[in-house]
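need a 3D model of the sequence below.
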Amino acid sequence: MKTIEVCLTPDLIHQHDLTGKIVVVVDIFRATSCIVTGLANGVESIKPVGEVEECKALGKQGYLMAGERGGQKVEGFDMGNSPFEYLEEKVKGKKVAISTTNGSQAILKSEGADAILIGSFLNLEALTEYILQLPIGVVVHCAGWKGTPNLEDTLFAGALIDECAEEMEPIGDSALLAHQLFIANHENLLGLALTSSHAERLRGFGIEKDVEFCLEVSKYPVVPKLIDGELVS
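Have a look, this model is predicted:
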């Protein structure tokens, strides 16, 4: 049986052998939710980069610049890190360069995997169907918050494990923890997520609607995949 593992934070990814595996990167609040929303709504591609200056350099090449630091939009960028910005008409047909505190870093640290995919509650069903068709195991790479685990990404990891339970074996205590967290709270995902420290930060910025949007399940039938450094659907 294929296996599914969970890495709770990028600071632990070195403990996982990514060779011959699919990595599913998840940053529920809000980078991977933005990526899924953007590609579902006509964005041509999204390029994750580590530093603000890299993003600005790509902006000079015609990319829209998107991202945040500490949850707030980077000064001078075209977009911040809200999925609602990816629903605007201006993004359709455009390439986007994105740099965020946690999500883009997790993507870049997933090098070495056979494939890097993007996960969110918004594309849970499509993602599940896609990975179950492939003959190799999965590592769910949670972006966390500045090197520490977070509630919402772990909750998603548990949801994905639950969806794959009949065909994939969870490996390790992190996977067990994530799955049990989901099982205990599957009827109130939003209620639990709202107690997270990241949700508290976002409420402080007055963007509670982002939290609710990011917890919508299987809204979009897209599976973003990193190809030649750019995420495409």
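
drop to CA atoms for contacts and neighbour counts, all remaining ones
Will do.

just the buried positions in the least confident helix or strand in the chain by mean pLDDT, please.
Least confident element among the helices and strands of the chain, by mean pLDDT, DSSP states H and E: helix 197-204 (a mean of 75). Buried residues in helix 197-204, counted by 16 or more other CA atoms under 10 Å: 198-199, 202.

list of residues touching the helix or strand following that helix?
Next along the chain after helix 197-204, taking DSSP states H and E as the criterion, comes helix 208-214. If you take CA atoms under 8 Å, 6 or more residues apart in numbering as the criterion, helix 208-214 is touched by 28-30, 33, 82-84, 120-122, 190, 194, 199, 202.

switch to 6 Å and redo it
Ser33 (CA atoms under 6 Å, 6 or more residues apart in numbering).

same deal with stretch 79-97?
So stretch 79-97 is contacted by 34, 38, 42-48, 55, 63-68, 73 (CA under 6 Å, 6+ apart).

now do it: distance to the chain's middle.
16 Å (CA atoms, centre = their mean, to the nearest Å).

what comes up buried for it?
Those would be 79-83, 85-87, 91-92, 94-97, for stretch 79-97 by 16+ other CA under 10 Å.

those in strands, which ones?
95-97 (DSSP state E).

so can I have TSV of the residues you listed showing distance to Leu155 and pLDDT?
Shown next, in TSV, are those (distance: CA to CA, whole Å; pLDDT from 0 to 100):
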residue	distance to Leu155	pLDDT
Lys95	30	98
Val96	28	98
Ala97	27	98
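
Gly144: which of these is nearest?
Nearest to Gly144 out of those is Ala97 (CA to CA; 20.8 Å).

what's the spacing between the closest residue to that closest one other than its chain neighbours and Glu54?
Closest residue to Ala97 apart from its sequence neighbours, by CA to CA, 6 or more residues apart in numbering: Lys47 at 4.7 Å. As judged by CA to CA, to the nearest Å, Lys47 and Glu54 stand 10 Å apart.

who has more neighbours, these two?
Lys47 (23 against 15; other CA atoms under 10 Å).

ramachandran angles for the residue of the chain positioned farthest from its centre?
Ranked by distance from the centre of the chain (CA atoms, centre = their mean), the top residue is Lys60, with 26.1 Å. Main-chain torsions, Lys60, degrees, to the nearest 10: phi -70, psi -20.
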